[in-house]
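K.L.:
Sequence first, then the predicted structure:
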Amino acid sequence: MLIEIHMLTNYPPTNLNRDDTGAPKTCLFGGENRARISSQCLKHSWRTSPVFIDAVGAENLGIRTRQLPELVAEKLREEGVDPEWADMMKAKISGIANKAGKESKDGSTTAQMIFYAPEDIAAVAGAVKGLLDDCSTLADVKKLKAKSVLDAIKDAKTRPITVDIALFGRMVTSDAFADVDGAMQVAHAVSTNKVMLESDFFTAMDDLLAGDTMEDLGAGMMGETGYDSSCYYVYASVDTDELKKNLKNTPDADVLTEKIVPILVETMAYSDPGGKQNSFAGHPLPSAVLIECKEKKIPTSRANAFAKPVRPGYDADLIERSIERLADETARMDTKFGIPVAKRLWFTSTEKEIPLPENCDGENCATFPDLIAALREVAK
C-alpha cells in the first residue's frame, strides 16, 4: 500500500532552514518566489524529534555520523579490550567506510558519513575484537590494516536495520554495510504564498553600558538576520510494502510497519525544523492534513494547487484559501484522472468540511487524534 501525506502549516516570522548566506531558503515555483524547506531538513527534524524518539525508542533508532571509530572503540572498552589497543584500532576502523580501506588522516572519523543501526556498530566491534583476539602484543595490533577489518565484517545484507534507516534509506560505498532504498519519499516544502524576504536589524545590549556614570552607552554588538512568514505545503509518501521488505531481517517487522505510519504523521504534525527557533519560536500546528491510502501505487503531489500563489482576502485568510486550493485540486484530480483511493482522511483546524467523492471511502475527522486513530485502523 502507498500512504500519502499532505500537510499545510502556516508559520509566523521564522528562519527554519537557512542557505549558505544565512537567509531562509527560497525557490521559484509558478514563476513566483516561494519560501522553501529542504527535504533533508524536514527528514532530520522528524527523525530527531522527541515525539518520534519517545514513540519508537532511542534504542531502536540509528545514528548518522562520521564518528564510528570512537563508537566502536567505546564498545570494545566495554567488552574488556585494553583501552590502548582499542584506541590503536580507531585509525584502522576509519578506513572501513570505503571499499579501498583508506584510513583518515587523524583516524578519528570516517571519510563518509553513514547511517548506522546498533547492529552495524556491534558487527564492526565484533570483527575488530576477533582480530584483536589473535594479537599477542601491541606491535601485532599496529600491523593490522583497515582492509583486515573490512574483510572481517560479514552479513551486511542480512543484518537487521532500524526503522528510520528503513524509512529514509542510506547510500554507502563500503561492503561492510548494505545500501537501503528508503520506503519514504519527501518533497521540499514550498510556500503556498508568494514570499518576500525581510531582514531584522538587531542589537545586543551590554548590561554594563548603562547608567549616569558610563561614558559609552548603546549596543554591545549589532547585526541582522533574514526571516519570512509562509504557509507551507508538505508532501510525503510511504510505501508500506517497501518498508516491510527493508525490515525483513528486523524482529517484529509486521508490527513495526503497522505502528510507524501513524507515529510518523504525528511527528510531522508536532515537530518543526530547528533553524533560529530560539530567536523566533515558530511552533504552529498544521491547519490541514490529508491522508490517502492507495493499493495502486501512483504518487500524486498536490503542489500544483499552489502554482498560482494564494492570496488572503476579505472573506478568507491565507490558511482558509490554501485549504480550499488543496481540496479543489484533490477533487480535480479525482475527476480528471480517476486514480483509485482506498481510504481518504481529512482533518482541518477550521470548521469547513471537505466534500468527499462517492467512489472513495472518505472521512472528515473532527480532531487530529481522530485522524490518527482512523489511520491506525487502516494500517492494520
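P.N.:
Yep, that arrived.
K.L.:
residue boundaries of the strands in the stretch 201-350 of the chain?
P.N.:
With strands called from DSSP state E, counting those that start in this stretch, the stretch 201-350 of the chain shows them at 219-227, 231-239, 288-294, 343-348.
K.L.:
can you redo the ones you listed as CSV with distance to A187 and mean pLDDT?
P.N.:
(C-beta placed from N, C-alpha, C; glycine too.) Shown next, in CSV, are the strands of the stretch 201-350 of the chain (distance: least, C-beta to C-beta, whole Å; pLDDT from 0 to 100):
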stretch, distance to A187, mean pLDDT
strand 219-227, 23, 82
strand 231-239, 4, 97
strand 288-294, 14, 96
strand 343-348, 19, 94
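K.L.:
With respect to M196, which of those strands lies nearest?
P.N.:
Of all those, it is strand 219-227 that lies closest to M196, at 10.9 Å by C-beta to C-beta.
K.L.:
Using PDB, write down the CA coordinates of that closest one.
P.N.:
Listed next in PDB are the C-alpha coordinates belonging to strand 219-227 (Å, rounded to 0.1, in the frame of the first residue of the first chain):
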ATOM      1  CA  ALA A 219      24.700  48.200  22.000                       C
ATOM      2  CA  GLY A 220      27.500  45.800  22.600                       C
ATOM      3  CA  MET A 221      27.000  44.500  19.100                       C
ATOM      4  CA  MET A 222      24.700  44.900  16.100                       C
ATOM      5  CA  GLY A 223      23.600  42.500  13.300                       C
ATOM      6  CA  GLU A 224      20.800  41.400  11.100                       C
ATOM      7  CA  THR A 225      19.000  38.200  10.300                       C
ATOM      8  CA  GLY A 226      16.700  37.200   7.500                       C
ATOM      9  CA  TYR A 227      13.200  35.800   8.000                       C
END
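K.L.:
Which neighbours in the sheet does that strand have, and how are they oriented?
P.N.:
Paired neighbours of strand 219-227 in the sheet (DSSP bridges): strand 198-205 (antiparallel).
K.L.:
where's the strand it pairs with relative to the chain centroid, distance-wise?
P.N.:
Taking C-alpha atoms, centre = their mean, to the nearest Å, one finds strand 198-205 lying 30 Å from the centre of the chain it belongs to.
K.L.:
can you redo the strands of the stretch 201-350 of the chain as JSON lines with distance to A307 and mean neighbour count?
P.N.:
Listed next are the strands of the stretch 201-350 of the chain as JSON lines, based on distance: least, C-beta to C-beta, whole Å; neighbours: other C-beta atoms under 10 Å:
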{"stretch": "strand 219-227", "distance to A307": "25", "mean neighbour count": "13"}
{"stretch": "strand 231-239", "distance to A307": "11", "mean neighbour count": "23"}
{"stretch": "strand 288-294", "distance to A307": "18", "mean neighbour count": "22"}
{"stretch": "strand 343-348", "distance to A307": "22", "mean neighbour count": "22"}
